[in-house]
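K.L.:
Take this sequence and fold it.
(2 chains)
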There are 2 protein chains.
Amino acid sequence: MTMKLTMLGTAAGAPTPERGHTGVVLSHEGRVFLFDCGENAQVKLQEAGAKFMRINEVFITHFHGDHFFGLPGFLFSMSLAERTKGIALYGPRGAAVEFDRVATMGHQQLKYVIESHEVRSGVVYSTDRFRVEASPVEHGNVPAVAYAFIEEDRFKIDRAKAAELGLENSPHLSRLQMGRTVEHDGGTVGPDDVASRVVPGRKVVYSGDTRPCGAVRKLAQGADVLVHESTYSATDADRAKEFGHSTTVEAATVAREAGVKRLILTHISKRYDDPDALLAEAREVFPATDIAFDLMSLEV
Amino acid sequence: MTMKLTMLGTAAGAPTPERGHTGVVLSHEGRVFLFDCGENAQVKLQEAGAKFMRINEVFITHFHGDHFFGLPGFLFSMSLAERTKGIALYGPRGAAVEFDRVATMGHQQLKYVIESHEVRSGVVYSTDRFRVEASPVEHGNVPAVAYAFIEEDRFKIDRAKAAELGLENSPHLSRLQMGRTVEHDGGTVGPDDVASRVVPGRKVVYSGDTRPCGAVRKLAQGADVLVHESTYSATDADRAKEFGHSTTVEAATVAREAGVKRLILTHISKRYDDPDALLAEAREVFPATDIAFDLMSLEV
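P.N.:
Numbers count the residues shown, from 1 in each chain, chains lettered A, B, ... in the order given. Have a look, this model is predicted:
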């Protein structure tokens, strides 16, 4: 059950040839999800080897340009590639207006339907395998959310027990795995009949732009990976506060308090030449930290 | 009097890591002009060593996404960089609506004013040194124009004659150079009094997306450089016709008939692996042809 995280762009504010605008790709069991869609995301997706036609859901954290100016190109290039399947776009308050504006730019017509979702708090998308939750964060006076991708806990099927009950290779197995009871052979079979133990689901949280805040700390409790913005060095804490962003140390403190396994810092201001210095600041507070770079990829 | 042309992106339709979306930069005597602004233009400008804050005029050929989806990022990044000087945006019919939409995307406010110009035909911008002309072209049912950047002819000042008249280092010289008569020393001095000969101005023409057409042929008469779209190989002439584009041979024929000095083919479809094959098709008709690549730069 592969789960892979890829950072498309990792810049704060103005992009550079080294750091493009924000985008985070999560691949999970053959599906691909995009969180934020900064300018040039469609090309970065190619460079990352991700097929954009497999993306059916895009989650935008807020409507500052560096987080969504890649949407027009992303959407219209899929149309040019003859996409007909609809796409669901998620974003905070105001999203419907923004998505509509993007979808009606210029003289082309999208060949597929856009489904706009304005998210507030809680589960915004789910299947029986996973759910996506949103939580409002603090980014000045702009509506902004963080997102969590949360795998549901699964029962680990004991193949021998399943075989005893005549359930080898049965489509019932995936239902039992997700905790459901099924009808079989004139009776019912529950997870306890075939499962040895519960495998906890994985969790990946992406903060978007925010001051360090309780919402992210709560959303990220026990997460496998927290991708947190870290626009500023700890030496520029005043500036971070003024512009509604976080420093290295503030992000690391959120990670420590949330008890996450791993922290990835992103949204790095171009004012800093030396990512190692930023990393050192964060690692003093939370050792399991790395600084994102464009096209960085990791297994969760 | 340097005049430099730089190709930012050279793709048709969907961009790739090798060919980005369309953008042409013209640097002339310290000023910088942008023609079309495909996605990621702001980063390509950095890579080309062009300072975007020096651009005060942007000329859009038409409102298909690959020609203007870089505008939002370009405009807002300048705002982030504290630009306060207004910018003039030019485009064909419908431009005012499109520019307004771009300028109001998301939750930011531009810190400077946008002046929208809908262009039709003829001179759309001029100084006493040069003018920019537009001409409607044929690109399906979408309003689209080609642009010409035309230097005015200049009188070549004879320094000795100027000195005789007491005009060395005089601000009058640049006026005389452009053909004006000035008042000096109680009388008048005209270009014939101080100039030895006329230096013809240079001309660069950019077709935008178009079928081969008389408008470009006329606009490009005797041009130093014609940048012409060449989306398709000559072997796909039917397709070029169907989608309102040009083939290599069609572009080369326009160049030959217009008597230009040099032809640059751009807007190259990713369906072709071998640019040399495309080039060979064009050179059979017009030998002074090159195929553009991203960040290609040439002195005019």
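K.L.:
Enumerate every residue touching A:Asp294.
P.N.:
A:Asp294 makes contacts with A:Met7, A:Leu8, A:Gly9, A:Thr10, A:Glu18, A:Arg19, A:Gly20, A:Lys44, as judged by CB atoms under 8 Å, 6 or more residues apart in numbering or on different chains. C-beta coordinates here come from the backbone N, C-alpha and C atoms, glycine included.
K.L.:
please redo it, this time with the cut-off set to 6 Å
P.N.:
A:Gly9, A:Thr10, A:Arg19, A:Gly20 (CB atoms under 6 Å, 6 or more residues apart in numbering or on different chains).
K.L.:
swap in A:Leu176?
P.N.:
A:Pro191, A:Val194.
K.L.:
same thing with A:Tyr125?
P.N.:
Contact analysis of A:Tyr125 by CB under 6 Å, 6+ apart lists A:Val132.
K.L.:
pretty sure it belongs to a strand, no?
P.N.:
Yes: judged by DSSP: H, G, I helix; E, B strand; the rest coil, A:Tyr125 forms part of a strand.
K.L.:
Return the distance of A:Glu183 relative to B:Val58.
P.N.:
According to CB to CB, to the nearest Å, A:Glu183 stands 66 Å off from B:Val58.
K.L.:
neighbour count winner among the two?
P.N.:
Taking neighbours as other CB atoms under 10 Å in any protein chain shown, A:Glu183 and B:Val58 compare with B:Val58 leading, 24 against 9.
K.L.:
hang on, that one in a strand?
P.N.:
Yes: B:Val58 sits within a strand when classified using three-state DSSP.
K.L.:
ok, now which ones touch it?
P.N.:
B:Leu34, B:Cys37, B:Leu89.
K.L.:
from these, which is closest to B:Ala14?
P.N.:
Relative to B:Ala14, the closest of the contacts of B:Val58 is B:Cys37; by CB to CB it sits at 17.2 Å.
K.L.:
Specify the local secondary structure of that closest one.
P.N.:
For B:Cys37, the assignment made with three-state DSSP gives coil.
K.L.:
For it, give its distance to A:Glu47.
P.N.:
As judged by CB to CB, B:Cys37 and A:Glu47 stand 22 Å apart.
K.L.:
Also A:Ala96?
P.N.:
Applying CB to CB to A:Ala96 and A:Glu47 gives a distance of 31 Å.
K.L.:
could you show me where the helices are in chain A, in order?
P.N.:
Shown for chain A, the helices assigned by DSSP state H span residues A:41-47, A:71-80, A:95-103, A:159-164, A:172-177, A:191-194, A:214-219, A:237-242, A:248-258, A:275-285.
K.L.:
of all the ones you listed, which lies closest to A:Gly201?
P.N.:
Nearest of the helices of chain A (CB to CB): helix A:172-177, 11.5 Å.
K.L.:
And that closest one, how far out from the chain middle?
P.N.:
26 Å (CA atoms, centre = their mean, to the nearest Å).
K.L.:
And stretch A:139-146, by the same measure?
P.N.:
A distance of 17 Å separates the centroid of the chain from that of stretch A:139-146, by CA atoms, centre = their mean.
K.L.:
what does it rub up against?
P.N.:
A:61-62, A:92-94, A:134-137, A:207-210, A:216, A:219, A:244, B:107.
K.L.:
if we can go back for a sec, most neighbours among the contacts of B:Val58, which one?
P.N.:
Within the contacts of B:Val58, neighbour counts (other CB under 10 Å) peak at B:Cys37, which reaches 31 neighbours.
K.L.:
Would you confirm that it contacts B:Leu71?
P.N.:
Yes: at 4.8 Å, B:Cys37 counts as touching B:Leu71 under the criterion of CB atoms under 6 Å.
K.L.:
intersection of neighbour lists for the two?
P.N.:
Contacts common to B:Cys37 and B:Leu71, judged by CB under 6 Å, 6+ apart, are absent.
K.L.:
Any residues of chain A in contact with chain B? List them.
P.N.:
For chain A, the residues in contact with chain B (CB under 6 Å from any CB of the partner chain) are A:13-15, A:17, A:39-40, A:43, A:47, A:63-65, A:69, A:72-73, A:76-77, A:80, A:101, A:106-107, A:142.
K.L.:
buried subset of those residues?
P.N.:
Among these, those buried by neighbour count (16 or more other CB atoms under 10 Å in any protein chain shown) are A:13-15, A:39-40, A:43, A:63-65, A:69, A:72-73, A:76-77, A:80, A:101, A:106-107, A:142.
K.L.:
which of the contacts of stretch A:139-146 are buried?
P.N.:
A:61-62, A:92-93, A:134-137, A:207-210, A:216, A:219, A:244, B:107.
K.L.:
now for those residues, which pair is the farthest apart?
P.N.:
The most widely separated members of these, counting by CB to CB, are A:Leu219 and B:His107 (22.1 Å).
K.L.:
coming back round to it: return the member of the buried ones among the contacts of stretch A:139-146 nearest to A:Ile268.
P.N.:
Nearest to A:Ile268 out of those is A:Asp209 (CB to CB; 12.4 Å).
K.L.:
can you give me phi and psi for the closest residue to that closest one other than its chain neighbours?
P.N.:
Take A:Asp209 and drop its neighbours on the chain: the residue closest to it by CB to CB, 6 or more residues apart in numbering or on different chains is A:His139, 4.7 Å away. Backbone geometry at A:His139, expressed as degrees, to the nearest 10, gives phi -140, psi 70.
K.L.:
Quick one, grab the pLDDT at A:His139.
P.N.:
On pLDDT, A:His139 comes in at 97.
K.L.:
how much space is there between it and A:Leu278?
P.N.:
Distance, A:His139 to A:Leu278, using CB to CB: 20 Å.
K.L.:
between the two, which one's more packed in?
P.N.:
Neighbours per residue, other CB under 10 Å: of A:His139 and A:Leu278, the larger number sits with A:His139, 26 against 23.
K.L.:
so A:His21 makes contact with A:Cys37?
P.N.:
No: the criterion here is CB under 6 Å, and A:His21 misses it with A:Cys37 at 8.6 Å.
K.L.:
residue ranges of the strands in the stretch 101-250 of chain A, please?
P.N.:
Here the stretch 101-250 of chain A has its strands, by DSSP state E, counting those that start in this stretch, at A:114-118, A:122-126, A:130-136, A:145-151, A:154-157, A:182-184, A:187-189, A:195-199, A:203-206, A:225-229.
K.L.:
With mean pLDDT and distance to B:Ala163 added, can I get the ones you listed in CSV?
P.N.:
Output for those, formatted as CSV (pLDDT from 0 to 100; distance: least, CB to CB, whole Å):
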stretch, mean pLDDT, distance to B:Ala163
strand A:114-118, 97, 70
strand A:122-126, 97, 78
strand A:130-136, 98, 74
strand A:145-151, 98, 72
strand A:154-157, 91, 91
strand A:182-184, 90, 102
strand A:187-189, 90, 106
strand A:195-199, 87, 91
strand A:203-206, 98, 70
strand A:225-229, 98, 64
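K.L.:
Of the ones you listed, which stretch is the most buried?
P.N.:
Mean neighbour counts were compared across those using mean count of other CB atoms under 10 Å in any protein chain shown; the top stretch is strand A:225-229, at a mean of 29.
K.L.:
what does that strand contact?
P.N.:
Strand A:225-229 is contacted from outside by A:204-207, A:209, A:220, A:246, A:251, A:255, A:260, A:262-264, A:266-267, A:300, using CB under 6 Å, 6+ apart.
K.L.:
Then stretch A:84-101?
P.N.:
A:56-60, A:62-63, A:111-119, A:124, A:143-145, B:101.
K.L.:
and it, which residues are buried?
P.N.:
Of the residues in stretch A:84-101, A:Ile87, A:Ala88, A:Leu89, A:Tyr90, A:Gly91, A:Pro92, A:Arg93, A:Ala95, A:Glu98, A:Phe99, A:Arg101 count as buried by neighbour count, 16+ other CB under 10 Å.
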